[in-house]
Structures are given as C-alpha cells and as structure tokens.
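have a look at this prediction, sequence included:
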Amino acid sequence: MSHAPSLRNQGTPRHTLLIRVTHWITVISFVALLVSGVEILISHPRFYWGEVGNSRTPALFKIPIPSSRATVPTGYGYVLPDQNGWSRYLHFEAAWALVLTGLVYVISGLWTRHFRKNLFPAPADRTWRSFRSVIAKHLRLAQPDEADSRSYNVLQRVTYLLVIFILFPLVIWTGLAMSPGFNAAVPWAVNSLGGRQSARTLHFFVSIFLVLFLVVHVAMVVLTGFATRMREMIPSLGTMPQERT
Amino acid sequence: MSKISRRKFVTAGLAATAGVSGLAVAANFAKHYGLVPPDSGGIYGPGETLTYAAQRLLTRHSLAREFPRSMISKVPFANAMPPLNDAFKRLQGRAFADWRLSIDGMVAQPASLSLADLRSFPVRSQITEVVCEEGWSYVAEWIGTPLFEVLKASGVLPQGRYLVYFSIDPDWWESIDMADAQHPQTLLTWAMNDGDLPVAFGGPLRLRVPRQLGYKSVKFVTRLMVTDSPKGFVSALDPKSANSGYAWYAGI
C-alpha cells in the first residue's frame, strides 16, 4: 500500500481516535461473548421454537456436539465439564461493555455525521449496477485501488450499516428477551419474537451472522494489506496529527 | 492542524470521558440506593452490578409473565437431583406429615410451620415458566402460599434486607433480596398442575422465584432466614467462591 505514508503525511487519519478505541473494545467484548456463548450453548445444544422447549420436547434442530449436562441426550457417551458459572458472568459483563461502547459509538457517529459521510451510500451508488460492479471486482480478486483506501465501497457501506443497525440491535434484543427479569418488565420484547425459545434460537442465528461478518471482515483486512489496515485502526500517537496542533 | 480535526479530537475525548464518568456516576448511584449485589467484587463485579442495578430500577415491581392454561407443558422437565438424604426419606415415609418450615433471623416472631399450617394462609396459583440457565424451559401451574404472607405473619424487622432459604439437602441454599422475597409471585409451592408437588419438582415444598432463573427456586425447603447481609450465603452452587460459581442475581 504505497499511498499509506502519503495519507499519514496529509494529517488526516482514516479513522478517528474514538472509532479506533471503540473498535477494539468491541473486538474484545465480541470475542468474550463468543467464547462464553459457545460454553453456554454446550450446556444445552438443542434449539426450539415457541415459548418452551426441553430435553423431553422435540427439538427444532440440534448441534451435534457433546453437552456439559448429563440430562441432554447427545449420543455421546461422556459429559463435558460445567463452565456456565464464569461463562455467564463473562457473557453479561462483555455484553455491558459492548452495549455501552456501542452507545458511545452510535451517538458520536450521529453527532459527527460519521454514518452519513462515511457509511451511508452516496446517491450515485444506490443502484444494483454499482453493487454488481463491486461484487465483480471482488470476484476478480482485484487489488483495492486508490479510492478504496480512502473510502468504503457500496458493499462495505451496506454491510457495516447492516451490522451496526440491524445485527447488533437484534442480538441485544434477542438476548434480553431471554432474561426472566427483563421479560417481566417488558413482556412484548419476548412475546413479539414468538416466545422465549424462539428468542434463543434467533439469538443463535444472529450470532452466526455476526461471526460470518467477523470472518469475512478479517479475511478482507488480511487480503488488502494487513499492516496498512492495522495502522489505520490502531490508536497510536504517531498517526494522531491532532496531537501536534 | 485544521479546526475539524481538533474538534473531532475534542468530541472523541468528551465522548470517552462521558462514557467513563457515566460508569462512575452509575456505580456511586448504585451504592447509595442499595443496588449493589453481594457478588459485586472481582472481575465480574462491574457487570453483575450493572445488571442488578438496572433490573432493580426497571423491574422491581413488574410481574413475571403468566400463561393461559392451554400453554401448560404436557411433559414438564425435572432436572437431575442430588441423592435425597435419610432425613428426607424418613419424612417421605410419613407422607411429609412432619415436614416443618422454620422462619428465623431478623423477624419479630420466629415460627415453625407444617404443610397444613402453610395451607391455612391465602392460597395463590400461577401459571409461570421455569427457565433454566442452560437454556431449556417449561410452563406449569404452581399452587402455594405467597412468601410475603408468611413473612408478614412473622414480621420482618426493618434491618432485614435479604432472605436466605435452605433445602433439606445441607449443601443447598440460596438468597434473594427483599424485592423478590416480598414479590407477590414468589411462592412457597406445595402443589403443581392440580396435584401435590412431585418430589422430582421439589415436593413437598419448593420456593418458586419466577422472575429469576430456575437455580434460585430451591427444592425441599425447610428453613427461611431473614438477614441484613447474605455474606456467607451468596450461592449454594459454589459457597466457597461467588465468582467461580453462578451469579447471585439470576434475573437475567
């Protein structure tokens, strides 16, 4: 990425300090949520639809893994150790970190017009044609050009908006809909999803989409120049020209 | 440098400061209004405190969802049980006629009630969901004596802030705050789906706390103790260390 040094010299970092910091807090929280979420899932790797579901009711589908509970019929002859104590503590603490960080990010993004300037697709790009051309470029494995390192293409913009404004709110909502205390106060949060087990199943699928995003995101970072992308996102005084103001 | 980048920097700094000081303010607020759970220490303390404080502010008086009779699970699921001890088996042999529930601690009048005594209080039934932290659930009708009636009869002293409740199994107890202990749906349950409460579901007496996960609904309850601090009684699931066991507040 030969243009990276010139960008730095211009004194306009690609991402603001706030974006860099919130990005990495989100990364740490998300990994914690993922690891603890998998541990919690292992205690009952069966999914249902509707209000109720347990080992004595038919499953919507099962994950073919062993369980950390002897009461779950998995077909495996052994039971994994129970890790739900720390997993649940970590899951909810990381959820708080992610929600609070997300709030700071979204409020500042609206305030600084970050979403409108950098993520909302330009009018000219809101066409199937521009989507097709970006996808075709990806399929040709074309290297990113000058414009790509200054701004996001329409596919990136739509994906980021989807993750920020659809997937994260959905994963928070479906998660809260499993809390008996929260449901007592806000019953429509779970009733509108079709019941508690539906909320759990949806929470699982939204998480899968978020993991899918993570995999593609990291793959694209690696393919388009890991070092440059990292320089753009890591908060460091050397690339913060404001420090010299 | 341009004004724009300086403004951005200041905005970012302000937002980060606001986030951090927001947390600090919330922590002070929680302390002042008794919104700090007993397991607020350790690395998971901040998350637990946020959860407990947020839920106490938002859900103190809300009622757990109740369901129509048609939604009662045909095959309720009873979790694996620890082996029942000799004391239990002796009582079971006499159809629980000698089962006693004692109420002590910070109450004006300690008491010891039989199941018949409990039935002489106002009876209440509710169709609520049992929600296990593992993920599974079922709906059943629970019939019993509201805990607040029993507490009212014994007279909770003003300094009583928590209720510790013990199973006949000596390694099994839990504690809840007064918001849940005095909650109208917290039920000393002795019948289920129009029959006696089966042993597998905690019979003859289970304390149902429907706004919290299933592990707070202790089976085979024999003793209630009102206390000003649940220190040493945080969670039966791992009495040695709150942070390697399960969360004390299980409303999430």
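Structure's in. What do you need? Numbers count the residues shown, from 1 in each chain, chains lettered A, B, ... in the order given.

what sits against the most centrally placed residue in chain A?
With distances taken as Cα atoms, centre = their mean, the residue of chain A nearest its centroid is residue A:210 (4.3 Å). With contacts defined as Cβ atoms under 8 Å, 6 or more residues apart in numbering or on different chains, residue A:210 is in contact with A:30, A:163, A:167, A:168, A:171. From N, CA and C alone the C-beta is placed, and that goes for glycine too.

emit the ChimeraX select command for whichever of those residues are buried.
Here is the ChimeraX selection string for the buried members of these, based on 16 or more other Cβ atoms under 10 Å in any protein chain shown:
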select /A:30,167,168,171
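
what about the contacts of residue A:210, which are in helices?
A:30, A:168, A:171 (DSSP state H).

so where do the strands sit in chain B?
In chain B, strands defined by DSSP state E lie at B:100-105, B:111-114, B:124-131, B:137-146, B:162-167, B:173-177, B:187-192, B:195-196, B:206-208, B:221-227, listed in chain order.

actually chain A, sorry about that
For chain A, the strands defined by DSSP E cover A:46-47, A:61-62.

for these, give me TSV that also has distance to residue A:119 and mean neighbour count.
Formatted as TSV, the entries for the strands of chain A read as follows, by distance: least, Cβ to Cβ, whole Å; neighbours: other Cβ atoms under 10 Å in any protein chain shown:
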stretch	distance to residue A:119	mean neighbour count
strand A:46-47	33	22
strand A:61-62	35	14
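
what's the closest of the ones you listed to residue B:155?
If you check each of these against residue B:155 by Cβ to Cβ, strand A:46-47 wins as the nearest, at 46.5 Å.

and the closest one, what other elements does it pack with?
Under the contact definition 3 or more Cβ pairs under 8 Å, 6 or more residues apart in numbering or on different chains; DSSP states H and E, strand A:46-47 sits against strand A:61-62, helix A:196-223.

which of those sits most buried?
When you average the neighbours per residue for each of these (mean count of other Cβ atoms under 10 Å in any protein chain shown), helix A:196-223 leads with a mean of 17.

pLDDT on it, on average?
Computed over helix A:196-223, the mean pLDDT rounds to 96.

run the chain-centre distance for that helix.
Computed by Cα atoms, centre = their mean, to the nearest Å, the separation of helix A:196-223 from the middle of its chain amounts to 6 Å.

sort out which residues of stretch A:57-67 are buried, please.
Per 16+ other Cβ under 10 Å, stretch A:57-67 contains these buried residues: A:57, A:59, A:67.

among these, which one sits closest to chain B?
The shortest gap between chain B and any of the buried residues of stretch A:57-67 belongs to residue A:57, at 6.6 Å (Cβ to the nearest Cβ).

in chain A, where is pLDDT below threshold?
Residue ranges of chain A with pLDDT under 70: A:1-12, A:236-245.

and with 80 instead?
A:1-13, A:141-150, A:235-245 (pLDDT under 80).

neighbours of residue 227, how many?
Picking chain A for this. Neighbouring residues of residue A:227 were enumerated by other Cβ atoms under 10 Å in any protein chain shown; the total is 9.

that answer is for a different chain, and I need it for chain B
Residue B:227 has 18 neighbours, counted by other Cβ under 10 Å.

again with residue A:75
Applying other Cβ under 10 Å, we find 8 other residues in the vicinity of residue A:75.

what is the neighbour count of residue B:173?
Residue B:173 sits with 21 neighbouring residues when counted by other Cβ under 10 Å.

now do residue B:195
Other residues within reach of residue B:195, judged by other Cβ under 10 Å, total 10.

quick check: pLDDT value at it.
At residue B:195, the pLDDT value in this model is 93.

what is the nearest of the contacts of residue A:210 to residue B:156?
Using Cβ to Cβ, the shortest approach to residue B:156 within the contacts of residue A:210 belongs to residue A:171, at 40.8 Å.

ok, the closest residue to that closest one other than its chain neighbours to chain B distance?
Using Cβ to Cβ, 6 or more residues apart in numbering or on different chains and skipping residues adjacent in sequence, the residue nearest residue A:171 is residue A:206, 4.5 Å away. Residue A:206 sits at a distance of 16 Å from chain B (criterion: Cβ to the nearest Cβ, to the nearest Å).
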